[in-house]
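A.B. asks: mind looking at a prediction? Sequence and model below.
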Amino acid sequence: MRQRWRQFYASGDFKTSEEGIECFRWYFKEKVKPSKFLTGRINGKDRPFLADLEWLMLPSNFAKVLEGKYS
């Protein structure tokens, strides 16, 4: 999570800690929460996939979620 925080900060997406927290709040509320796939509400197999925090913070997965791949 620290790495994604630094990534957001370096790109100029936020300037203060409060803005950074709001960016992450937006990520989880607007991108992760509505996704049936990421939250395990789709069961295409015996066990549904459920994205954990570690998975969501991996650089490639983080980018895919931001791009709306799992919407």
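C.D. replies: Right, received. Where do you want to start?

A.B. asks: I figured residue 57 was touching residue 5, is that so?
C.D. replies: No: using Cβ atoms under 8 Å, residue 57 is not in contact with residue 5; the gap is 9.6 Å. (Glycine included, C-beta is placed from N, CA and C.)

A.B. asks: wait, doesn't residue 56 sit right on residue 64?
C.D. replies: No: using Cβ under 8 Å, residue 56 is not in contact with residue 64; the gap is 10.0 Å.

A.B. asks: more crowded one of those two?
C.D. replies: For residue 56 versus residue 64, the count of surrounding residues by other Cβ atoms under 10 Å is larger for residue 56: 17 against 13.

A.B. asks: the helix or strand hosting the more buried one: which residues count as buried?
C.D. replies: Counting by DSSP states H and E, the element that carries residue 56 is helix 53-57. For helix 53-57, burial by neighbour count (16 or more other Cβ atoms under 10 Å) applies to 56, 57.
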